[in-house]
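Asks: Provide a 3D model corresponding to the input given below.
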Amino acid sequence: MRMRYLILGGGSVTTEYYLPALRLIGALDDATVVDSDSDVIRSCQQEFGKVEFRNQDYVSFLKSLAPPTESERSCVIVAVPNQFHIDAVRRALERKRHVLCEKPLALRAADCLQLRGLAAQKQRLLKVAMSRRYLPSLMLARDIVAAKELGKVRAITVHDCTPFMWRPRSFAFFAPEAGGVLADMGIHYLDYLDNLVGELKPVAYYDDARGGTESSLAYRLAAGDVQIELRLSRVHQMGAYIKITCERGEIRVNKANENEAIVTPVGSLSRRVSAERPFTDAGWPSNLHGSFCQMLADFELAVEGQATRIADAADAERAVALMEWAYERRSSSMPPSLTLSTKSSDRTKVLVTGATGFIGGHLVERLGLEANNIRIAARTPGKCANVSRFPVEIVPTDLLDIKSVRAAAGGARFVYHLAYGNDGENPARITIDGTKNVIEAAIEAGADCVVVLSTMYVFGFPQGADSVDESFPYRPYGGEYGRSKAKMEQWCLDRGQSSLPTRIVILNPTCVFGPGGGAYTSLPVDLARQGQFCWINDGTGLCNYNYVENLIDAIIAATQVAQAHGNRFIISDGAVSWREFLEPMIRPFAGDVVASFTPQQLKKLPRYGQPFSISDLVSAAISAPQVRDAAKRSGAIRYMASLTRAMRSPNIVSGGGSLTSKASEPQKRFPPEWLATLYGPARTSFSAKKANDILHWRPAVDLADGLQRTISWLAETGRISENVEPV
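Replies: Predicted coordinates:
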């Protein structure tokens, strides 16, 4: 008798894993997906036409669900956001359905216990989708440990620290009551470790939640004399692996290799072990998709009364108890999420656009200490991992939809507009028209002040000018990015002539760097790591630098000074050579000798070698649109198609930029041509005197201190390691 699958929730886990798994096991025709979002339903229907879809909330669907007949085999898969798991499971069990619930079953062990009792009372199965139990690489490591091939386990290190790549469909994913990275990925590891080495005892815990959900954490546990270190992060880049240290060697599982474990006995060579047939059906892929297939197959066997390895409510209770212990000891408690409905008597004081970016994240962190009722305008939930750490209200907002922007700006006293167009077909429209919508909505809402973040690039680098101030005309630099910012600025200044009592202030920061930064922080380090960094004219061009916390000081000051209205202000800490600025950050990878080229020499380098990696360029483009635009103009994109080709390149000989082609020497990669745009030879400085005089702003953090804080962040997040060898 075929199983009927009733799936509550049409989000990413359903469309990326459950439905593909049902297709692989031949049960797609037996699935019904229930979701209250009509857009989600339409999207699902395009890809999974055979599935029955119900545009309905799960509560009304379960209420209308008739009790199963004796000849019916059906189950409910609970794949709604975490905060609805308890209610959905309870309702499904009340309707006498077997239940497979996405992890975590709950955020409190007592709730797991109650649901386990209800399942027993209703004589129905309650299982939990700990899908990573079935990951081939983790099963291999578990079997090696169980066989004691390397003796007893002494210590375990779990690192899952990579930028957040999951794309949830709903902002509910980041609600405080849903839990953070511990409830998302950590629960998998707690469950796996419990199966691997037995009962876990918590020792110490720390995370970065500041009134919201954690994006990074450190958790120490023990299982008898086995010491366990768990490090998780959605924003850091420290790698993703499990290292199991045993008496006679080490087992390592890299997250990227889902069908492989590396075994290294003491004094012997390492060997890679893979599972030839990890699942009952050889046609299922040996990765997480196959894991879901096996989990569903085991669920059906469990319904028939057979013993399987699928997790149950008791397993969930043990893992959740460890999660609950951690959350009770976090440095900041987790309050309920702030919404207008629950805070109707309080006027929202702050709206931030572009909050999910580098500068926006720092602004939100500062505002979390100084303001109440912070509202974040965000286009999609996928980039909210950092700002969700704070007690903010995240509002879905399309800057090109004036109604959407008005809803976000309603009741705001201060509006900080940091967003700009950095992707899509016409990013300039988002920069220009999106800014118009934000300012008009703020004026309609009666906001006191709107601070608009622009860039020094609107002035360009005028020839013959030693110092640039706000009196200089627009000469946009950086292609479309600079041009669109200049047009946006001009409109804002014109609108400021009639916007009172709402004040409009424009800030033109120079090269912003600091923890979390891209173009002037992590990008040069990544280039040096890849052997693709070089100096332009020996790094003698001027870097007009701006430490991010100093910029935040200026942004907040702009709202406090009435005379700032209708003005633009260059925000710059000072100027030093590019070599003086970048060398402390790139030295661990580039060493003391770095190639130098003139812009003309760099442009003439042959472009048939192994090019700059996609991940680095995309990361840079997200953080700094001038990088993307420079890449388009320089021709870098034209050779991106060769990324998958294993082409060799001549060596770069440092010194004068001369080229040799020595096949016997190690091959190196060429620096990208757009380095001459980003870290170029211009000797122009930018003056912040106007900001000094009117905003009473001075950089509180000097260059040495800012660089030290930045380098500490690079080390903490895994970009700089004490053990790394220079390129």
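Asks: residues contacting the spatially most central residue of the chain?
Replies: Central residue of the chain (C-alpha atoms, centre = their mean): residue 164, 3.1 Å from the mean position. Neighbour list for residue 164: 215, 234, 235, 382, 383, 385 [criterion: C-beta atoms under 8 Å, 6 or more residues apart in numbering]. Glycine gets a C-beta too; all of them are placed from N, C-alpha and C.
Asks: now do the phi/psi pair for it.
Replies: phi -60, psi 120 (degrees, to the nearest 10).
Asks: quick one: low-confidence ranges for the stretch 401-550 of the chain?
Replies: Along the stretch 401-550 of the chain, segments meeting pLDDT under 70 span 423-424.
Asks: quick one: the helices in it, in order.
Replies: Secondary structure of the stretch 401-550 of the chain (DSSP state H, counting those that start in this stretch): helices located at 402-409, 427-444, 480-495, 523-529, 548-558.
Asks: closest to residue 700 out of the ones you listed?
Replies: Of all those, it is helix 548-558 that lies closest to residue 700, at 6.1 Å by C-beta to C-beta.
Asks: related to what we said a few turns ago, quick one: the contacts of residue 164 as a markdown table, columns for pLDDT and neighbour count too.
Replies: A markdown table is the format used below for the contacts of residue 164 (pLDDT from 0 to 100; neighbours: other C-beta atoms under 10 Å):
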| residue | pLDDT | neighbour count |
| --- | --- | --- |
| 215 | 93 | 23 |
| 234 | 91 | 26 |
| 235 | 87 | 18 |
| 382 | 85 | 17 |
| 383 | 87 | 18 |
| 385 | 89 | 25 |
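Asks: between those residues, which sits nearest residue 405?
Replies: residue 383 (18.2 Å).
Asks: what distance do you get for the closest one to residue 357?
Replies: Distance, residue 383 to residue 357, using C-beta to C-beta, to the nearest Å: 8 Å.
Asks: cool, and residue 187?
Replies: Relative to residue 357, residue 187 is positioned 29 Å away (C-beta to C-beta).
Asks: how about the contacts of residue 164 in TSV, adding secondary structure and distance to residue 530?
Replies: Converted to TSV, the contacts of residue 164 look like this (DSSP: H, G, I helix; E, B strand; the rest coil; distance: C-beta to C-beta, whole Å):
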residue	secondary structure	distance to residue 530
215	coil	26
234	coil	24
235	coil	21
382	helix	26
383	helix	25
385	coil	25
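Asks: out of those residues, which comes closest to residue 495?
Replies: So of the contacts of residue 164, ranked by how close each gets to residue 495 (C-beta to C-beta), first place is residue 383, at 28.5 Å.
Asks: surely the closest one meets residue 356?
Replies: Yes - look at residue 383 against residue 356 with C-beta atoms under 8 Å: they come within range, at 3.9 Å.
Asks: buried set for whichever strand or helix holds residue 327?
Replies: Using DSSP states H and E, residue 327 sits within helix 313-328. For helix 313-328, the neighbour count (16 or more other C-beta atoms under 10 Å) marks 313, 315-324, 326-327 as buried.
Asks: want to try a markdown table for those, with pLDDT and distance to residue 61 as columns?
Replies: Putting the buried residues of helix 313-328 into a markdown table (pLDDT from 0 to 100; distance: C-beta to C-beta, whole Å) gives the following:
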| residue | pLDDT | distance to residue 61 |
| --- | --- | --- |
| 313 | 96 | 23 |
| 315 | 97 | 28 |
| 316 | 97 | 24 |
| 317 | 97 | 27 |
| 318 | 97 | 31 |
| 319 | 97 | 29 |
| 320 | 97 | 26 |
| 321 | 97 | 31 |
| 322 | 98 | 33 |
| 323 | 97 | 29 |
| 324 | 96 | 30 |
| 326 | 96 | 34 |
| 327 | 95 | 31 |
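Asks: got TSV for those residues, with distance to residue 549 too?
Replies: Shown next, in TSV, are these (distance: C-beta to C-beta, whole Å):
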residue	distance to residue 549
313	47
315	45
316	42
317	44
318	42
319	38
320	38
321	39
322	36
323	33
324	35
326	29
327	29
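Asks: picking up where we left off before, right, and the helix or strand after the helix holding residue 327?
Replies: By DSSP H and E, the next helix or strand past helix 313-328 is strand 350-353.
Asks: that next one pairs with which strands?
Replies: Each strand paired with strand 350-353, and its direction, by DSSP bridges: strand 374-378 (parallel), strand 414-417 (parallel).
Asks: next one: it to chain centre, how far?
Replies: Relative to its parent chain, strand 350-353 has a centroid offset of 20 Å by C-alpha atoms, centre = their mean, to the nearest Å.
Asks: can you show me the CA trace of that strand as PDB?
Replies: Extracted as PDB, the C-alpha positions of strand 350-353 are listed here (Å, rounded to 0.1, in the frame of the first residue of the first chain):
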ATOM      1  CA  VAL A 350      14.700  54.000  12.900                       C
ATOM      2  CA  LEU A 351      14.500  52.500   9.400                       C
ATOM      3  CA  VAL A 352      17.700  51.200   7.700                       C
ATOM      4  CA  THR A 353      17.900  50.200   4.100                       C
END
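Asks: contacts for it?
Replies: 360, 363-364, 367, 371, 373-377, 397, 399, 408-409, 412-419, 438, 442, 447.
Asks: quick one: which of the contacts of residue 164 is nearest residue 176?
Replies: So of those, ranked by how close each gets to residue 176 (C-beta to C-beta), first place is residue 215, at 12.5 Å.
Asks: can you put the helices of the stretch 401-550 of the chain in a markdown table and add distance to residue 603 and mean neighbour count?
Replies: Output for the helices of the stretch 401-550 of the chain, formatted as a markdown table (distance: least, C-beta to C-beta, whole Å; neighbours: other C-beta atoms under 10 Å):
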| stretch | distance to residue 603 | mean neighbour count |
| --- | --- | --- |
| helix 402-409 | 42 | 20 |
| helix 427-444 | 25 | 21 |
| helix 480-495 | 20 | 20 |
| helix 523-529 | 17 | 23 |
| helix 548-558 | 32 | 23 |
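Asks: hmm, residue 182 and residue 219 touching each other?
Replies: Yes - using C-beta under 8 Å, residue 219 is in contact with residue 182, at 7.4 Å.
Asks: tell me how many other residues crowd residue 277.
Replies: Number of residues near residue 277 (other C-beta atoms under 10 Å) recorded here: 10.
Asks: now the one 4 residues further on
Replies: A total of 13 residues lie near residue 281 under the criterion other C-beta under 10 Å.
Asks: now it: closest residue in space that isn't a chain neighbour?
Replies: Spatially, and ignoring its direct neighbours in sequence, residue 281 is nearest to residue 293 (6.9 Å; C-beta to C-beta, 6 or more residues apart in numbering).
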